[in-house]
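> need a structure here:
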Amino acid sequence: MEFVLGSENQAKKRAVVRVVERYVENSTISFASVQSGVSAQPMSEEETRQGAINRSITAAKNAFGIGLEGGVHMLSGTMYLCNWGALTTPEGKMFTAAGAQIPLPDELADEIRRGKELGDAVDTYFKKQNVRTSEGAMGMLTAQLVPRDALFEHIMQLLIGQLLYSTSLQS
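Model (predicted):
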């Protein structure tokens with residue numbers, strides 16, 4: 001099976017490689033920078049999910065396309081991190097899954113409301129650079145217990161698990 005991740009983000013690449021290599025024999029993985037087709041900072045579950053779907057569809061040219069997208073959404077007046085994944089088969093069948101969510105500190109949420117992207121706001125907040133390609137906001141806000149690649153790895157397990165289950169129904 002050939003898989004294409006619609007991103008060059010290092011945390012997403014690590015997650016995809018770990019899961020595909022662990023669960024899918026005789027597979028290849030490549031990476032392509034594709035547009036999400038949504039805002040640079042998705043502001044809802046729906047928009048974040050759609051970004052993952054768009055990436056997976058674009059990446060699925062004669063391969064299994066994978067899209068992973070991070071965003072934020074509001075729940076009862078609190079801004080939460082959210083993450084979505086999509087896997088599209090070469091035939092166009094799609095699987096989606098979401099990951100863990102935690103509330104953002106008010107200072108970070110305020111920066112995002114003012115138009116800053118989460119990754120840039122997190123870099124400023126924690127006085128670091130390129131957090132989105134390493135531990136991510138989730139990693140920083142969980143004292144490194146759940147780094148971004150682990151979060152996306154869980155989403156990938158959900159996607160690959162659905163694919164394998166679907167494949168087992170056909171045999």
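
> give me the pLDDT for Q170.
Predicted confidence (pLDDT) for Q170: 69.

> for the chain, just list every one of the helices.
Remark: helices assigned in the chain by DSSP state H are 10-23, 45-59, 106-113, 118-126, 136-141, 148-170.

> most centrally placed residue in the chain?
The residue at the geometric middle of the chain, judged as the C-alpha nearest the mean C-alpha position with CA atoms, centre = their mean, is L68 (2.9 Å).

> so it is in contact with K12, correct?
Yes: taking CB atoms under 8 Å as the definition, L68 is a contact partner of K12 at 4.7 Å. The way it works is simple: take the backbone N, C-alpha and C, and place the C-beta from them, glycine included.

> returning to that earlier point: and of the helices of the chain, who's closest to C82?
C82 sits nearest to helix 45-59 of all those, at 5.3 Å, using CB to CB.

> let me see the contact set for Q10.
Contacts for Q10 (CB atoms under 8 Å, 6 or more residues apart in numbering) come out as T133, S134.

> what's the spacing between it and L104?
Distance of Q10 to L104, given as CB to CB, to the nearest Å: 22 Å.

> go on, G71?
Between G71 and L104 the distance is 11 Å, computed by CB to CB.

> equivalent analysis for K13, please.
For K13, the distance to L104 equals 25 Å [CB to CB].

> between these two, which has more neighbouring residues?
More crowded of K13 and L104, by other CB atoms under 10 Å: L104, with 21 against 18.

> I figured the more buried one hits A137, correct?
Yes: with contacts defined as CB under 8 Å, L104 counts as touching A137 at a distance of 7.4 Å.

> between these two, which contacts overlap?
The overlap between the contact sets of L104 and A137 (CB under 8 Å, 6+ apart) consists of L81.

> contacting residues around stretch 154-171?
Defining contact as CB under 8 Å, 6+ apart, one finds that stretch 154-171 is touched by 15-16, 18-20, 23-24, 64, 66, 68, 83-87, 89, 93, 95-100.
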